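# Structure, please.
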Amino acid sequence: MTVVAEILKSKPDAVVHRIAPTDTVYEGLRLMADKGIGALLVMEGDAIVGIVTERDYARKIALMGRTSVETLVRDVMTSSVLCVHSTQTSEQCMQLMTGKRLRHLPVVDDGKLLGMISIGDLVKDIISEQKFIIEQLEHYITGGR
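Residues are numbered from 1 along each chain as shown. Predicted structure coming up:
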């Protein structure tokens, strides 16, 4: 079973993109588009104060008649951010994400932000594990031929 620390190590770009609560939603959207990501951690210094996602934009800006240029991140962010530890398994994270309908989880150990994992990271890891198991079973069945 893979733990979160291993998933973080396997990511080619482990940079966690962040934004301040006083920045505009437009600035957040531009950053997400530039980086090809779907979420930003909202931070004040080293403290996580929220998360803002493409889903937040769709539901709290576009559908409510607001503009992203005038609306601040703090007005649409999700302030109760669920985090995981680097020792948690991919299965535990998948259960949390599917149960709470989340797509991103910050990884925090001893109050320090280590990275962020996405549902895509977990799916990639699970596929890799299954591929390995299949290869091992094929090797066993064929007797190593």
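
# Which residue lies nearest the spatial centre of the protein?
Compute the mean C-alpha point of the chain, and by C-alpha atoms, centre = their mean the closest residue is residue 104, 2.6 Å away.

# I'd assumed residue 120 was in contact with that one.
No: with contact defined as C-beta atoms under 8 Å, residue 104 does not reach residue 120; the gap is 9.6 Å. Every residue, glycine included, has its C-beta placed from N, CA and C.

# Would you indicate which residues of the helix or strand encompassing residue 120 are buried?
In this assignment (DSSP states H and E), residue 120 forms part of helix 119-142. By neighbour count on 16 or more other C-beta atoms under 10 Å, the buried set for helix 119-142 is 119, 121-122, 125.

# Dump that helix to PDB, restricted to CA.
Once non-C-alpha atoms are left out, helix 119-142 reads as follows in PDB (Å, rounded to 0.1, in the frame of the first residue of the first chain):
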ATOM      1  CA  ILE A 119      -7.700  12.700  -7.000                       C
ATOM      2  CA  GLY A 120      -5.700  12.300 -10.300                       C
ATOM      3  CA  ASP A 121      -2.500  11.500  -8.300                       C
ATOM      4  CA  LEU A 122      -4.300   8.800  -6.400                       C
ATOM      5  CA  VAL A 123      -5.900   7.300  -9.500                       C
ATOM      6  CA  LYS A 124      -2.400   7.200 -11.200                       C
ATOM      7  CA  ASP A 125      -1.000   5.500  -8.100                       C
ATOM      8  CA  ILE A 126      -3.700   2.900  -7.900                       C
ATOM      9  CA  ILE A 127      -3.400   2.100 -11.600                       C
ATOM     10  CA  SER A 128       0.400   1.700 -11.200                       C
ATOM     11  CA  GLU A 129      -0.100  -0.700  -8.200                       C
ATOM     12  CA  GLN A 130      -2.700  -2.700 -10.200                       C
ATOM     13  CA  LYS A 131      -0.400  -2.900 -13.200                       C
ATOM     14  CA  PHE A 132       2.400  -4.200 -11.000                       C
ATOM     15  CA  ILE A 133       0.100  -6.900  -9.400                       C
ATOM     16  CA  ILE A 134      -1.000  -8.000 -12.900                       C
ATOM     17  CA  GLU A 135       2.600  -8.300 -14.100                       C
ATOM     18  CA  GLN A 136       3.500 -10.400 -11.000                       C
ATOM     19  CA  LEU A 137       0.500 -12.700 -11.500                       C
ATOM     20  CA  GLU A 138       1.300 -13.100 -15.200                       C
ATOM     21  CA  HIS A 139       4.900 -14.000 -14.200                       C
ATOM     22  CA  TYR A 140       3.600 -16.500 -11.700                       C
ATOM     23  CA  ILE A 141       1.100 -18.100 -14.100                       C
ATOM     24  CA  THR A 142       3.600 -18.400 -17.000                       C
END
